[in-house]
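Novice: Below: sequence and its predicted model.
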Amino acid sequence: MQRKAYVPGVAVLLAALLAACTGSSDDGSTDDPRPGEATASATAAQPGRYDTLPEPCGSVDRSTLDTLLPGIKQLPDAAQREQAYEGEATQTYDTDRKAGCRWKVESTDATHYLFVDFERIVSYDNAVSDDSKAQEVYGGKVEAADLPEPTPTASEEESEGTDEETDEPGGTETTGGATAEPSTSTEDSPSGSSDSSAPSGSSGSSDSSDSASPSPSGTPASLLPRVLDGLGDEAFLDDALGTSTQRTVTVVFRTSNVIVTVEYEEQPATTTAVPDSEETQDRARNLAGRLAEAFDD
């Protein structure tokens, strides 16, 4: 009798354990404790192309330094020349994230400064790639440079004017709607010349004067601060003339997740001399192009 009394209790206990196990498997919590882990890893942004930086003081060869720093060959002491070629590295806590180098050489005509800076951008947001973060940082530099709006060239304005004039069907109608026969050009030449040649002559002169002096300083549009093509993924150039006639040209370009800055300055020995804008820009752009090619290698 006692054995029969214990059998129902054991059956009830087994039934309860079976129900608990069934409920756990239906819930799915034991099979997939982190249901969002796979999705998060699948949507993580890609890292940038570069995970390290070159050594900036060794990134400029000596022949380029001879051009940018002409006074370097005038240094009488060999040890001084060697030190000038080596440059001075900027202090940084992580050379794989930010590294730079400065050069300064004095000559009888002017003092030249050169600064090269490499900055590798890393995004700490899994939803934002390193390249996207670098684009954001580069955009801030463009905004800080406050580049002027691009000015249309004279040829572009003339082509636009020609397109507008050729829209009329063969000169059979004038702006006022009156008809004009081509054979009567001899009779209408006085009025025609005063009506047509005067506006075109005035617009032509204004176009040429605008292209010659698009800024109060008379700097050609091709030498104004501007966005550059064919240099890295995106680039711009800034040109500033200081109050003491020193000229500073800055070229900034981005290649993937690295932003490169080239700053080249010339300070004449006399206050009456002004550094040539075109020559200074060409030197800075040529160096930036060499650096961009080195990143692509």
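Specialist: It's in. Numbers count the residues shown, from 1 in each chain.
Novice: and V249, what helix or strand is that in?
Specialist: According to DSSP states H and E, V249 maps onto strand 247-255.
Novice: Neighbouring strands - and their directions - for the helix or strand following that strand?
Specialist: Per DSSP H and E, the first helix or strand lying C-terminal to strand 247-255 is strand 258-268. Here strand 258-268 has these sheet partners by DSSP bridges: strand 110-120 (antiparallel), strand 247-255 (antiparallel).
Novice: Tell me where the stretch 101-250 of the chain has strands.
Specialist: 110-120, 226-228, 234-241, 247-255 (DSSP state E, counting those that start in this stretch).
Novice: Kindly reformat those strands as TSV containing distance to Q74, mean pLDDT and mean neighbour count.
Specialist: For the C-beta atoms, the positions are set from N, CA and C on the backbone; glycine is no exception. Shown next, in TSV, are the strands of the stretch 101-250 of the chain (distance: least, CB to CB, whole Å; pLDDT from 0 to 100; neighbours: other CB atoms under 10 Å):
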stretch	distance to Q74	mean pLDDT	mean neighbour count
strand 110-120	11	97	21
strand 226-228	32	96	15
strand 234-241	25	96	19
strand 247-255	21	97	23
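Novice: nearest to E279, of the ones you listed?
Specialist: strand 247-255 (9.6 Å; CB to CB).
Novice: I'd like to check the angle between that closest one and strand 234-241, please.
Specialist: 170 degrees (axes from the mean of the first three to the mean of the last three CA atoms, to 10 degrees).
Novice: Can you measure across stretch 221-241, start residue to end residue?
Specialist: With CA to CA, to the nearest Å as the measure, stretch 221-241 spans 16 Å from end to end.
Novice: So what touches it?
Specialist: Residues outside stretch 221-241 that contact it (CB atoms under 8 Å, 6 or more residues apart in numbering) are 135, 138, 141-142, 145, 147-148, 150-151, 153, 211, 214-215, 217, 247-256, 260, 274, 277-278, 280-281, 284-285, 288-289, 292, 295.
Novice: Tell me the buried residues within those.
Specialist: 135, 138, 141-142, 151, 153, 211, 214, 247-256, 260, 277, 280-281, 284-285, 288-289, 292, 295 (16 or more other CB atoms under 10 Å).
Novice: need the helices for the protein, in chain order.
Specialist: 2-27, 37-42, 62-68, 78-86, 130-145, 154-165, 185-192, 198-212, 277-296 (DSSP state H).
Novice: which stretch in those helices has the least confidence?
Specialist: For the helices of the chain, the weakest mean pLDDT is recorded on helix 198-212, namely a mean of 38.
Novice: so what's the residue lying closest to G242 once chain neighbours are set aside bridging to?
Specialist: Take G242 and drop its neighbours on the chain: the residue closest to it by CB to CB, 6 or more residues apart in numbering is T248, 6.9 Å away. Beta-bridge pairing for T248 (DSSP bridges): A240, E265.
Novice: I'd like the distance between T248 and T280.
Specialist: Relative to T280, T248 is positioned 9 Å away (CB to CB, to the nearest Å).
Novice: Now the common contact residues for the two.
Specialist: Contacts common to T248 and T280, judged by CB under 8 Å, 6+ apart, are 239, 264.
Novice: before we move on, the earlier item: arrange the strands paired with strand 258-268 in CSV, one row each, with distance to D130 as further columns.
Specialist: Converted to CSV, these look like this (distance: least, CB to CB, whole Å):
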stretch, distance to D130
strand 110-120, 8
strand 247-255, 11
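Novice: Determine which of those strands approaches K104 most closely.
Specialist: strand 110-120 (5.3 Å).
Novice: Test my guess that V128 contacts A45.
Specialist: Yes: using CB atoms under 8 Å, V128 is in contact with A45, at 5.6 Å.
Novice: Among those two, which residue is more densely surrounded?
Specialist: Between V128 and A45, A45 has the larger neighbour count (other CB atoms under 10 Å), namely 15 against 12.
Novice: Spatially nearest residue to the more buried one (excluding sequence neighbours)?
Specialist: S129 (3.8 Å).
Novice: residues contacting the one you found?
Specialist: 45-48, 123.
Novice: picking up where we left off before, can you tell me which of the strands paired with strand 258-268 is nearest to R97?
Specialist: strand 110-120 (5.4 Å).
Novice: between the closest one and helix 130-145, how big is the angle?
Specialist: 150 degrees.
Novice: Tell me how far the nearest residue to L114 once chain neighbours are set aside lies from Y93.
Specialist: Spatial nearest neighbour of L114, chain neighbours left out: W103 (4.3 Å); criterion: CB to CB, 6+ apart. Going from W103 to Y93 by CB to CB gives 22 Å.
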